[in-house]
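Colleague: Quick one, fold the following:
(2 chains)
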Amino acid sequence: MLIIKNGRLIDPQNNHDKVCDLYIQNGKVISIGQAPTGFSANKTIDASGHIVIPGLIDMCAHVREPGYTQKATIASETAAAVAGGITTMITPPTTKPVVDNPAVAELIIDRAEATGLANVMPVGALTQGLQGEQLAPMHALSRSGCVAFSNARESIPSALVLLRCLEYAATHDFLVIFQPQNHDLTGEGCMHDDTTCTRLGLTGIPETAETIEVARCLLLVEQTGVRAHFGQLSAERSVRMVTDARKRGLNVTADVSIHHLLLTDMNVNGFNSMFHVIPPLRSQLDRAGLRHGLVTDGIQAICSDHQPHDPAAKQAPFAATEPGISGLETLLPLGLMLVEQELLSLPQLIEKLTAAPAAILELNKGSLGIGCDADICIFNPETQWQLNSDNCVSAGHNSPFMNTPLKGKVTHTLIKGEMVYQA
Amino acid sequence: MFEITDPNNIQLNSEGQLKHFITTEGLSRELLTEIIDTADSFVDMNAQQVKKVPLLRGKTVVNLFFESSTRTLSTFELAAKRLSADVLNLNISTSSTSKGETLKDTLQTLEAMHSDMFVVRHSDSGAAHFIAEHVTPNVAVINAGDGRHAHPTQAMLDMLTIKRHKGDFSPLVVTIIGDILHSRVARSQIHALRTLGAAEIRVVAPNTLLPRNIEALGVKVFTSMESGLKDADVVIMLRLQKERMKSALLPSESEFYKLFGLTNEKLQHAKPDAVVMHPGPINRGVEIESAVADGPQSLILDQVTNGIAVRMAVMSMSMSGQMTEKNLKTEA
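Modeller: This is a model prediction of the structure:
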């Protein structure tokens, strides 16, 4: 039996925002405010001056295992996740082998459970080998624990194959996640096609590489009625299209990575490979569109789009480096910057990181209601710190936010009432 | 909150002198003028019987070419030798770096040979910048062309050529024609011409060969030769790689030549005393008519001569900037 005392409890799903005590027994929340009859805590966490929230749910975090363990492992990344207050990670199917058969999905889940830190929930492949040709066994993958299906950033050139995938997913009411990218238009590109790209002489990725695919997917979603989610949007026009589709009654949602809300293509000036991400950091107008989408509910969730790399992957001329930012440990403090900038209130931010992803994925998580799993993040909003190579838990140190002053630090993370991280 | 890197802080020492030469972008007019004036003095020296000066005596220059280029390599080699440096030419196929050896590994190996200067050509934009960031202190890096980003010594030899024929930059209308999209030369020329105060810089190309928002670099964009050439003082043609025909950028060489090739007839739209330049090697009958390339307005061979002088200037200035930085650090 555990009591978390005197913390400011923010639970957007249940509309809680007050300083109170939280009572936990058998891994579940059993009471808020009032001690249940006969409750005798064998452990107490004093959360005075701290904020107590549901554990974060990261809609897109690559764990690199199986297949790319030179970059990171499930063990290293679940440790990084809980250090960042993330209790559930949704991991894309881009492992080697890809998550297109139940054995791979089960391996990921089993290894995560054996590690005993964050929950790792795989997204199954939409097509076999992500080749865009033959449907993956979605039903079997779902049975083995896949929470959604996606072809990641690999293309499905045939609109007919994509249509069949969506029809099949709709049959079973599976969620399909799009990471929209037209490969012909992306080509060898490595940054947003605009003035900075022109100056640096890098190969550009036009905004249409994303928007054409968003438009195509939306038309097929409308035709099939499938539940669909657009991950890591980068362009203002994409947000408008998804928002319009929602207004027309389509069952579509979207998320954005935290770095696309804070950075633009201007940051690439100087060829710093840490800013090499796909989709690329886009224009100020696009960033404004993403931020607008966030406050008007065109975009429901914020994710880290965590992509850890080994050092060599980033030590080359910009275009020759591998794209991606290691983001688990900075997701919350960077999110708090949006609160400091008065874009979102604190409860709104927490909602985008907890209740909203839980709702999209239909998970019984992201809430601290009575009877819910006691997956909890406690953080001190005033602690100032910097992520650096000494304290970074993730195996990937590839972050443009290394050594950046951050405010807000996770002090405790609990999963099912068990302490899995303490600062 | 998130600092945007100044692309030029890497190439200047704490006294504002050149220590690497990566790009013409952001360098002051004074510095560009110093390069031109220093190079100008070397042009005359190169015509003398004894062509050597001891400015880099005892120094080792490594020409590190990841992309082949006979002409640029030769002029850098000659420039280094005329400055009395020891020169090592290395043509490194990028395939060797794909065998698990990173560019940084290659660099460390070469540094162990105690080189003082790397002249770098690479197919990736930003490669020279990357190398300058990772070399040990007091090793100068000269960009001999990186991807589509910059070819600053080529741009400066063009500036020297223009200066020697036209004098003042301020009244000049300069028209750059051809494959702007893939051209590191054009980008470096545009930055240099802007800083040196050229009255108007124009680019002429079909939309498929124009990078996005090129206007933001301070140029006027034209898609017809007639209007782009009207009253131009300087006409700079760019090289067109033949593979562009295969990548859906252009329909055919003949159509490109018809619309964007420089002929004597089209040159009539420019001022009568307009000069014609080309970074070479020339594709005759694709970018330029032989009669123009070999004609009285062509400065193409002058450019080659000036190339050696500019490279000597840049090498000596950056080595001097490195020495100043070293002395300042020792004193501190």
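
Colleague: A:N380 is in contact with A:G49, correct?
Modeller: Yes. Using Cβ atoms under 8 Å, A:G49 makes contact with A:N380 at a distance of 6.6 Å. Backbone N, C-alpha and C define where each C-beta goes, glycine included.

Colleague: For chain B, give me its nearest residue in chain A.
Modeller: A:G270 (2.7 Å; Cβ to the nearest Cβ).

Colleague: quick one, what contacts residue 28?
Modeller: Because you didn't say which chain, this covers chain A. A:371-374, A:416-417 (Cβ atoms under 8 Å, 6 or more residues apart in numbering or on different chains).

Colleague: that answer is for a different chain, and I need it for chain B
Modeller: B:16, B:195.

Colleague: Then A:A313?
Modeller: A:71, A:321-322, A:398 are the contacts of A:A313 under Cβ under 8 Å, 6+ apart.

Colleague: Take the residues you listed and keep only those in strands.
Modeller: Among the contacts of A:A313, DSSP state E puts none in strands.

Colleague: Going by neighbour count, which of those residues comes out on top?
Modeller: Most neighbours among the contacts of A:A313, by other Cβ atoms under 10 Å in any protein chain shown: A:N398, with 27 neighbours.

Colleague: quick one, phi/psi of it?
Modeller: Phi and psi for A:N398, reported as degrees, to the nearest 10, are phi -90, psi 80.

Colleague: How about the contacts made by it?
Modeller: Counted by Cβ under 8 Å, 6+ apart, A:N398 has contacts A:274, A:307-309, A:311, A:313-314, A:324-326.

Colleague: Using a markdown table, lay out the residues you listed together with secondary structure and pLDDT.
Modeller: Shown next, in a markdown table, are the contacts of A:N398 (DSSP: H, G, I helix; E, B strand; the rest coil; pLDDT from 0 to 100):
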| residue | secondary structure | pLDDT |
| --- | --- | --- |
| A:M274 | helix | 97 |
| A:Q307 | coil | 98 |
| A:P308 | coil | 98 |
| A:H309 | coil | 97 |
| A:P311 | helix | 93 |
| A:A313 | helix | 94 |
| A:K314 | helix | 94 |
| A:G324 | coil | 98 |
| A:I325 | strand | 98 |
| A:S326 | coil | 98 |
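
Colleague: circling back: and the residue of chain A closest to chain B, which of the three is it?
Modeller: coil (DSSP: H, G, I helix; E, B strand; the rest coil).

Colleague: what number of residues lie near it?
Modeller: Count around A:G270 with other Cβ under 10 Å applied: 21.

Colleague: which helix is the longest one in the chain?
Modeller: Using chain A here. helix A:208-224 (DSSP state H).

Colleague: if you could check chain B rather than the one you did, that'd help
Modeller: helix B:300-331.

Colleague: what helices or strands is that one leaning on?
Modeller: helix B:29-45, helix B:70-82, strand B:117-122, strand B:140-146, helix B:152-166, strand B:275-277 (3 or more Cβ pairs under 8 Å, 6 or more residues apart in numbering or on different chains; DSSP states H and E).

Colleague: returning to that earlier point: looking at the contacts of A:K28, which is nearest B:T60?
Modeller: Ranked by distance to B:T60 (Cβ to Cβ), the contacts of A:K28 are led by A:K416 at 64.1 Å.

Colleague: Show the contacting residues for the nearest residue to that closest one once chain neighbours are set aside.
Modeller: Among residues not flanking A:K416 along the chain, A:G27 sits closest, at 3.4 Å (Cβ to Cβ, 6 or more residues apart in numbering or on different chains). Neighbouring residues of A:G27 by Cβ under 8 Å, 6+ apart: A:373-374, A:416-418.

Colleague: Quick check: phi and psi at A:G27.
Modeller: phi 80, psi 0.

Colleague: same question, B:T175
Modeller: The phi/psi pair for B:T175 (degrees, to the nearest 10) is phi -110, psi 120.

Colleague: A:T243 versus A:I299, what's the distance?
Modeller: Relative to A:T243, A:I299 is positioned 8 Å away (Cβ to Cβ, to the nearest Å).

Colleague: Show me whatever sits in contact with both of these two.
Modeller: With contacts taken as Cβ under 8 Å, 6+ apart, A:I299 and A:T243 have A:G293 as neighbours in common.

Colleague: Compare the two and say which one has the larger neighbour count.
Modeller: Applying other Cβ under 10 Å to A:I299 and A:T243 shows that A:I299 carries more neighbours, namely 26 against 19.

Colleague: quick one: the helix or strand hosting B:A132 near chain A?
Modeller: Using DSSP states H and E, B:A132 sits within helix B:127-134. Yes. Judged by Cβ under 8 Å from any Cβ of the partner chain, helix B:127-134 comes into contact with chain A at B:127, B:129-130, B:134.

Colleague: tilt between that helix and strand B:140-146?
Modeller: 160 degrees (axes from the mean of the first three to the mean of the last three Cα atoms, to 10 degrees).

Colleague: contacting residues around helix B:127-134?
Modeller: A:270-271, A:315-318, B:7, B:10-11, B:20, B:22-23, B:64, B:66, B:103-104, B:107, B:118, B:120, B:122, B:141-144, B:146-147, B:149-150.

Colleague: which bits of the stretch 201-350 of chain A sit near chain B?
Modeller: Residues of the stretch 201-350 of chain A lying near chain B (Cβ under 8 Å from any Cβ): A:201-204, A:206, A:262-263, A:266-267, A:269-272, A:312, A:315-320, A:337.

Colleague: Can you say which of those are buried?
Modeller: Using 16 or more other Cβ atoms under 10 Å in any protein chain shown as the burial test, those include A:201-204, A:206, A:262-263, A:266-267, A:270-272, A:315-320, A:337 as buried.

Colleague: how does chain B divide up, domain by domain?
Modeller: B:7-150+B:305-325, B:152-299 (the TED database).

Colleague: before we move on, the earlier item: in the longest helix of chain B, which residues are buried?
Modeller: Residues of helix B:300-331 classed as buried: B:300, B:302-323, B:325 (neighbour count, 16+ other Cβ under 10 Å).

Colleague: I'd guessed A:N6 sits against A:I45; true?
Modeller: No. Counting by Cβ under 8 Å, A:N6 does not reach A:I45; the two are 9.5 Å apart.

Colleague: So those two - more neighbours on which side?
Modeller: Of the pair A:N6 and A:I45, A:I45 is the one with more neighbours under other Cβ under 10 Å, namely 22 against 17.

Colleague: Dihedrals phi and psi, the more buried one?
Modeller: Torsion angles, degrees, to the nearest 10, at A:I45: phi -110, psi 120.

Colleague: In the sheet, which residues pair with the residue nearest to it when sequence neighbours are not counted? Tell me.
Modeller: Residue nearest to A:I45 in three dimensions, not counting chain neighbours: A:I4, with 4.7 Å by Cβ to Cβ, 6+ apart. Beta-bridge pairing for A:I4 (DSSP bridges): A:L22, A:I45.

Colleague: who's in contact with residue 314?
Modeller: Unless you meant another one, I'm taking chain A. Here A:K314 is in contact with A:273-274, A:276, A:321-322, A:398 (Cβ under 8 Å, 6+ apart).

Colleague: oops, I was thinking of chain B
Modeller: With contact taken as Cβ under 8 Å, 6+ apart, B:V314 is in contact with B:18, B:21, B:35, B:39, B:142, B:152-153, B:156.

Colleague: quick one: which of those is most hemmed in?
Modeller: B:P152 (32 neighbours).

Colleague: filter the contacts of A:N398 to the buried ones?
Modeller: Buried among the contacts of A:N398 (16+ other Cβ under 10 Å): A:274, A:307-309, A:313-314, A:324-326.

Colleague: Tell me the one of those residues nearest B:G58?
Modeller: Of all the buried ones among the contacts of A:N398, A:K314 has the smallest distance to B:G58: 36.4 Å, by Cβ to Cβ.

Colleague: Give me the neighbour count for B:A199.
Modeller: Look at B:A199: counted by other Cβ under 10 Å, it has 12 neighbours.

Colleague: Might you report the residue contacts of it?
Modeller: B:170-173.
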